[in-house]
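K.L.:
Pasting the sequence and the predicted coordinates here, then a few questions.
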Amino acid sequence: MLIISLQRGKCIGCNFCQEVAPEQFRMSKKDGKAVLLNARDRKGFHTVKLHDESFFEANQKAQESCPSKIIQVKII
């Protein structure tokens, strides 16, 4: 299982995550911050669990390219 987490409140809106992992990330038209698609919000941490681990590589690149270091990706 693949778990992706986004600390949206600290997003600076650089758009790197959407460029490398468009299946999981979009930029909000309201505030210009990243949105993790189909995620649950718990105290500012937006998290999604995926059973398809084929998305790992793209989301790992999103984590590495994020200048704010607010994306976490792990396989459990």
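P.N.:
Looks like it came in fine.
K.L.:
Please name the bridge partners of residue 3.
P.N.:
On the basis of DSSP bridges, residue 3 is bridged to residue 49, residue 74.
K.L.:
Counting neighbours, which bits of stretch 29-38 end up buried?
P.N.:
Neighbour-count burial for stretch 29-38, counted by 16 or more other CB atoms under 10 Å, picks out 33-36. For every residue, glycine as well, the C-beta is placed using N, CA and C.
K.L.:
Could you identify the most distant pair in these?
P.N.:
Maximum pairwise distance in the buried residues of stretch 29-38, criterion CB to CB, is 10.5 Å, between 33 and 36.
K.L.:
Identify the contacts common to these two.
P.N.:
The overlap between the contact sets of residue 33 and residue 36 (CB atoms under 8 Å, 6 or more residues apart in numbering) consists of residue 8.
K.L.:
Can I get the buried residues of stretch 29-38 in JSON lines including secondary structure and pLDDT?
P.N.:
Shown next, in JSON lines, are the buried residues of stretch 29-38 (DSSP: H, G, I helix; E, B strand; the rest coil; pLDDT from 0 to 100):
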{"residue": "33", "secondary structure": "coil", "pLDDT": "97"}
{"residue": "34", "secondary structure": "strand", "pLDDT": "98"}
{"residue": "35", "secondary structure": "strand", "pLDDT": "97"}
{"residue": "36", "secondary structure": "strand", "pLDDT": "98"}
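K.L.:
Out of the residues you listed, flag the one nearest to residue 19.
P.N.:
Closest approach between the buried residues of stretch 29-38 and residue 19, by CB to CB: residue 34, at 10.9 Å.
K.L.:
Test my guess that the closest one contacts residue 27.
P.N.:
Yes - using CB atoms under 8 Å, residue 34 is in contact with residue 27, at 6.2 Å.
K.L.:
now could you export just the CA positions of stretch 64-76 as CSV?
P.N.:
The C-alpha atoms that make up stretch 64-76 are tabulated as CSV, following Å, rounded to 0.1, in the frame of the first residue of the first chain:
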residue,chain,number,x,y,z
GLU,A,64,12.1,15.2,-3.8
SER,A,65,11.3,18.2,-5.9
CYS,A,66,9.1,20.0,-3.3
PRO,A,67,11.2,23.0,-2.0
SER,A,68,9.0,23.2,1.1
LYS,A,69,9.5,19.5,1.9
ILE,A,70,5.8,19.0,2.7
ILE,A,71,5.1,15.8,0.8
GLN,A,72,5.8,12.4,2.3
VAL,A,73,5.5,9.2,0.3
LYS,A,74,6.0,5.7,1.8
ILE,A,75,5.1,2.1,1.1
ILE,A,76,3.8,-0.1,3.9
